[in-house]
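>>> Provided below for reference: sequence and predicted model.
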Amino acid sequence: MSLPPLVEPADELTVDEVRRYSRHLIIPDVGMEGQKRLKNAKVLCVGAGGLGSPALMYLAAAGVGTLGIVEFDEVDESNLQRQIIHSQSDIGRSKAESAKDTVLGINPYTQVNLHQERLDSSNVMEMFAQYDLIVDGTDNFATRYLVNDACVLLNKPYVWGSIYRFDGQASVFWSEHGPCYRCLYPEPPPPGMVPSCAEGGVLGVLCASVGSIQVTEAIKVLAGVGDPLVGRLMIYDALEMTYRQVKVRKDPDCAVCGPNATVTELIDYEAFCGVVSDEAQAAAADSTITPKQLKEWIDDGESVDIIDVREPNEYEIVSIPGARLIPKNEFLMGNALQDMPQDKKIVLHCKTGVRSAEVLAVLKNAGFSDAVHVGGGVIGWVNQIEPDKPVY
């Protein structure tokens with residue numbers, strides 16, 4: 001559907017700006033009027049990671065006048081495979097500061113506002129109220145639902161994107177004109193059911209493909225051109241190099257944007273999405289050991305069976321000495337239970353402790369009451385025991 005421009009045009013473009021944006025100005029659908037709207041626009045990008053990197057760079061290049069960056073993390077070497085707004089020299093720096101430097105290097109006429117804090121229910125409303133449009137570059141469900149609900153309550157449009165391995169999705173959610181994120185996904189998936197990019201990986205260039213679509217949609221909404229992805233979900237398969245669309249209808253029973261909405265204020269999104277399930281939390285409550293405890297058991301010759309529940313490609317990168325690989329799904333399917341020893345203490349671990357806690361719950365329910373898991377997983381092991389090993 002065609003929508004009216006989101007923002008009013010700025011008073012004028014300077015001579016330097018006319019030269020800079022000349023290739024936009026000669027496009028009839030953009031022209032001087034559309035470029036002035038971009039100059040007057042205020043866009044907030046949630047995250048300066050995989051999707052945030054191309055989004056921020058192209059929003060700046062397009063001439064968006066004010067860019068906000070919500071980011072509290074630091075640049076890690078593993079980011080550089082896809083987060084192209086950062087470079088080798090930025091490792092250890094604030095992602096927000098690194099992103100700002102790159103943005104200003106692309107376009108010194110863009111004003112950059114930094115919000116170096118974790119986005120949550122206590123600050124999201126005040127932060128979002130300062131901007132016209134939100135670009136969501138997050139990679140966890142709790143923040144996605146937080147962004148959605150805040151945008152609905154503030155009547156703000158936002159451009160959403162998601163990436164995983166070779167697959168990407170994008171849409172524009174604007175409850176005034178169409179569905180919101182909850183209309184598409186009313187409930188989050190069960191904890192541990194959908195791997196994150198940190199667990200499952202992502203093709204680096206996929207970020208550019210989806211991030212550029214997000215920027216295209218943002219420009220269309222801001223300037224009032226074309227047919228934005230409101231009410232449509234774009235699905236991209238990089239392996240097959242296919243794009244397809246699915247219609248998304250406004251849910252009359254939506255908890256936040258429906259006529260009988262039950263979510264009328266922000267909620268506890270960590271609890272709503274659950275980092276780990278209640279069963280996993282209960283199982284891990286008294287059955288979590290530290291990497292140092294595991295090292296002591298190994299050194300003391302304790303009879304332990306160390307089981308790595310990650311995926312084979314993760315196991316190839318780094319592993320705990322003596323650990324055998326049984327991926328988490330083998331436990332969820334029940335296939336691995338018959339191979340569990342009765343005469344050894346079972347010690348589970350994954351990358352950080354989330355997946356192993358879920359498997360621990362399965363084992364406890366199957367009668368392996370003495371099983372434990374390693375808090376912090378293989379990352380904790382490397383940090384505390386073998387710092388010379390690689391992490392990912």
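Perfect, I can see it now.

>>> quick one: the strands in this protein?
Using DSSP state E, the strands of the chain run over 42-46, 66-70, 111-115, 133-136, 158-164, 167-173, 232-237, 242-247, 288-289, 304-308, 324-325, 345-349, 372-374.

>>> wait, residue 6 sits on residue 132?
Yes - between residue 6 and residue 132 there is a contact under C-beta atoms under 8 Å: 5.6 Å. C-beta: built from backbone N, CA, C; applies to glycine.

>>> low-confidence bits of the stretch 201-350 of the chain, can you list those?
Where the stretch 201-350 of the chain drops to pLDDT under 70, the residues are 274-275.

>>> show me the helices in it, by range?
In the stretch 201-350 of the chain, the segments counted as helices under DSSP state H, counting those that start in this stretch are 204-223, 269-273, 278-284, 291-299, 312-317, 328-332.

>>> hang on, the earlier thing: export the strands of the chain to a markdown table and tack on distance to residue 211 and mean neighbour count?
Formatted as a markdown table, the strands of the chain follow (distance: least, C-beta to C-beta, whole Å; neighbours: other C-beta atoms under 10 Å):
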| stretch | distance to residue 211 | mean neighbour count |
| --- | --- | --- |
| strand 42-46 | 10 | 26 |
| strand 66-70 | 14 | 23 |
| strand 111-115 | 18 | 16 |
| strand 133-136 | 9 | 27 |
| strand 158-164 | 7 | 25 |
| strand 167-173 | 9 | 24 |
| strand 232-237 | 12 | 17 |
| strand 242-247 | 15 | 10 |
| strand 288-289 | 37 | 17 |
| strand 304-308 | 33 | 21 |
| strand 324-325 | 34 | 13 |
| strand 345-349 | 34 | 24 |
| strand 372-374 | 35 | 27 |
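
>>> now those strands in a markdown table, with distance to residue 18?
A markdown table is the format used below for those (distance: least, C-beta to C-beta, whole Å):
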| stretch | distance to residue 18 |
| --- | --- |
| strand 42-46 | 22 |
| strand 66-70 | 20 |
| strand 111-115 | 19 |
| strand 133-136 | 24 |
| strand 158-164 | 27 |
| strand 167-173 | 29 |
| strand 232-237 | 33 |
| strand 242-247 | 34 |
| strand 288-289 | 62 |
| strand 304-308 | 59 |
| strand 324-325 | 60 |
| strand 345-349 | 59 |
| strand 372-374 | 60 |
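
>>> out of those strands, which comes closest to residue 264?
Closest approach to residue 264 among the strands of the chain (C-beta to C-beta): strand 167-173, 18.0 Å.

>>> ok now the closest one, how far from the chain's centre?
With C-alpha atoms, centre = their mean, to the nearest Å as the basis, strand 167-173 stands 12 Å off its chain's centre.
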